[in-house]
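Participant: here is the input, now give the coordinates:
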Amino acid sequence: MKFQHRNLVVSAFSAFCILGLTAISVKAASTEQELKVGIVQRFGDEATEQLLLEAVPGDSLTINFHTGTKPQTIQSKSLKLEIAMQPLPKPELAERVVLGVFRSFETAEESAQRWKAQGIEVEVAQPERWEVWAKRDVYNTPLLRRLLMGSLQTKGNKIAYLDSKVVQKLPKLSWIVNGNRYSREKLSISATKNVIQVSQAKNKTDAIAYPGRLRLQGNAYGSYTLINDVPVESYLRGVVPNEIGAKAPYNAVEAQTIIARTYALRNVRRFAIDGYELSADVHCQVYKGLSGIDPNSDRAISATKGQVLTYQNQLVDALYSSTTGGVTAKFSDVWNGEDRPYLKPIVDAAGSVWNLSRQSLANEQNFQQFININRGFNEVGWKTFRWRRESSIEQLTKDLQKYLEVNRSPFARFQKLQSLEVVERSPGGRILKLSVQTDIGTFNLFKDEVRSAFSAPRSTLFYLETVKKDNNPLWGYAFVGGGFGHGVGLSQTGSYRLAELGWTSKRILNFYYPGTTLQVLNAVVKR
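Facilitator: Got it, this is the predicted structure:
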């Protein structure tokens with residue numbers, strides 16, 4: 001979730017099942033919790049990668065690892081991590097059953113829950129896009145995987161596939177400290193001052209200082225992940241200014257801080273497959289350690305310490321996006337899964353601009369009238385509030401072919417897109433179904449799939465206009481819409497306006513998440 005570009009918790013939470021279905025009590029706020037954040041998720045995906053870890057001036061690193069069962073410790077000012085591709089003695093088969101490929105974790109998790117209800121053990125992964133895999137330690141032989149695939153095909157499943165490849169070489173980790181090279185593939189690094197700088201070894205100008213400790217370990221994709229074990233309040237120092245922006249009004253920063261804290265604590269299950277909890281990018285929240293910390297956000301973190309947003313004593317699903325386009329979205333407008341009572345369509349305006357109960361945006365005429373209103377909303381003045389983006393049939397065809405190939409769709413072999421049509425909208429105006437006609441047949445895209453399939457729309461809050469150019473009656477389409485990102489929950493740009501009007505952070509949060517309660521994290525609050 002990055003401002004103008006979108007849409008972990010305590011070790012006690014690490015016992016959560018992969019689907020995150022268990023609700024457990026949260027420790028008292030007096031004990032600061034730690035998050036496990038993957039700051040370099042795929043170290044080793046590229047041959048000859050290097051990372052440099054350094055202590056700050058006047059400090060040193062403590063590097064812990066094992067030689068056999070014996071623990072080892074080394075002190076040094078720096079540590080250099082290197083990758084080299086190592087040929088295997090003989091080729092190996094790398095194989096997994098992929099049950100689905102998804103744009104978002106939310107939809108992947110809902111799919112995983114449905115598979116589990118059918119008695120199939122699964123895990124959520126993110127090799128590139130989010131995927132649901134048949135659990136590898138259950139379906140751990142070629143025979144079991146093929147029996148599963150045969151069963152699925154017999155039942156008519158055309159989505160699942162066997163991802164098989166022969167591996168002839170793997171990334172090999174080594175690290176250099178005090179002039180000596182080591183090849184242990186799991187290590188932890190700490191510093192007396194609890195700050196460690198990380199940079200690309202060939203370009204030290206990009207160094208980022210991270211609070212807490214670091215760990216390096218293997219992941220599910222054959223490479224390595226560098227993990228930052230960081231106290232939650234320190235984590236927020238690297239999130240809040242990168243999400244809301246340094247120029248945000250203070251009360252908007254406070255609202256963002258509470259939501260960022262709530263989001264992190266609720267979403268620790270996302271990367272359970274790899275033994276950490278959150279990523280440091282837009283798939284979770286943008287986290288840049290101590291780089292770019294801001295006095296305004298530090299003040300907000302201190303003022304709201306331990307505060308979270310709850311609904312019936314459970315942490316809310318604290319989703320937010322850059323810009324809603326004038327109306328927030330219901331959870332099921334964007335993803336599959338059960339709706340949250342506090343995430344529903346709300347006209348994003350301090351005053352009266354549009355009455356959703358009387359003029360549903362599911363009606364195409366109402367929607368087009370709504371999207372052409374350019375005043376009265378909280379986000380007026382932002383570039384992403386309203387937009388018109390044209391795309392040629394040629395470009396739309398390329399976009400769609402790429403999307404369908406990734407998803408193993410039988411329509412991926414089409415040669416030309418012939419037409420697009422909005423078939424169904426939600427009452428909040430989001431596209432629920434888009435009909436796509438091609439030279440080999442017609443199919444539908446649903447909800448957030450539309451943004452995955454085409455590069456032009458910035459959200460699913462748009463309508464289509466045909467574009468005529470170069471004597472071509474259908475050169476392409478214009479996507480005419482509003483918002484940037486999924487539009488669920490708080491609008492970051494909208495919160496700017498409300499804060500400028502004098503709204504408190506609590507009032508801003510109640511506006512975007514109606515029926516919720518602001519409270520200090522304690523033993524009563526549950527996930």
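
Participant: can you classify the residue lying closest to residue 401 once chain neighbours are set aside as helix, strand or coil?
Facilitator: Nearest residue to residue 401 in three dimensions, chain neighbours excluded: residue 412, at 6.2 Å (C-beta to C-beta, 6 or more residues apart in numbering). All C-beta atoms are positioned from the backbone trio N, CA, C, and that covers glycine. What DSSP: H, G, I helix; E, B strand; the rest coil gives for residue 412 is helix.

Participant: who does the residue nearest to residue 78 when sequence neighbours are not counted form a beta bridge with?
Facilitator: Of all residues not flanking residue 78 in the chain, residue 54 sits nearest, at 4.5 Å (C-beta to C-beta, 6+ apart). On the basis of DSSP bridges, residue 54 is bridged to residue 78, residue 197.

Participant: for residue 86, same thing?
Facilitator: Per DSSP bridges, the residues bridged to residue 86 are residue 170.

Participant: count the residues that sit near residue 195.
Facilitator: Neighbour count of residue 195, defined by other C-beta atoms under 10 Å: 17.

Participant: what sits against it?
Facilitator: 55, 56, 59, 209, 210, 211, 290 (C-beta atoms under 8 Å, 6 or more residues apart in numbering).

Participant: can you list those in a markdown table and add neighbour count?
Facilitator: Formatted as a markdown table, the contacts of residue 195 follow (neighbours: other C-beta atoms under 10 Å):
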| residue | neighbour count |
| --- | --- |
| 55 | 22 |
| 56 | 16 |
| 59 | 14 |
| 209 | 17 |
| 210 | 28 |
| 211 | 21 |
| 290 | 15 |
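
Participant: between the residues you listed, which is closest to residue 221?
Facilitator: Using C-beta to C-beta, residue 210 is the member of the contacts of residue 195 that lies nearest residue 221, at 22.5 Å.

Participant: what's the average pLDDT for stretch 115-131?
Facilitator: Here stretch 115-131 scores 96 as its mean pLDDT.

Participant: check which residues of it are buried.
Facilitator: Buried residues in stretch 115-131, counting neighbours by 16 or more other C-beta atoms under 10 Å, are found at 115, 116, 120, 122, 123, 124, 125, 126, 127, 130, 131.

Participant: which SSE is the last one in?
Facilitator: Same thing as residue 131. In this structure, residue 131 is located in strand 130-134 according to DSSP states H and E.

Participant: equivalent analysis for the second one, please.
Facilitator: The secondary structure element spanning residue 116 is helix 105-117 (assigned by DSSP H and E).

Participant: show me where the stretch 351-500 of the chain has its helices.
Facilitator: Assigned by DSSP state H, counting those that start in this stretch, the stretch 351-500 of the chain shows helices spanning 364-371, 393-406, 449-453, 492-500.

Participant: so how far is stretch 83-98 off the chain centroid?
Facilitator: A distance of 28 Å separates the centroid of the chain from that of stretch 83-98, by C-alpha atoms, centre = their mean, to the nearest Å.

Participant: how about stretch 184-195?
Facilitator: From the chain centre to the centre of stretch 184-195 is a distance of 27 Å (C-alpha atoms, centre = their mean).

Participant: could you dump it to CSV, C-alpha only?
Facilitator: Output in CSV follows, covering the C-alpha atoms of stretch 184-195 (Å, rounded to 0.1, in the frame of the first residue of the first chain):
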residue,chain,number,x,y,z
ARG,A,184,26.4,-21.5,6.2
GLU,A,185,22.9,-20.8,4.8
LYS,A,186,21.1,-19.7,7.9
LEU,A,187,22.4,-16.9,10.1
SER,A,188,21.3,-14.1,12.4
ILE,A,189,22.8,-10.6,12.7
SER,A,190,22.5,-8.1,15.5
ALA,A,191,24.2,-4.9,16.6
THR,A,192,24.7,-3.3,20.0
LYS,A,193,22.9,-0.1,18.9
ASN,A,194,20.1,-2.2,17.3
VAL,A,195,20.6,-0.6,13.8
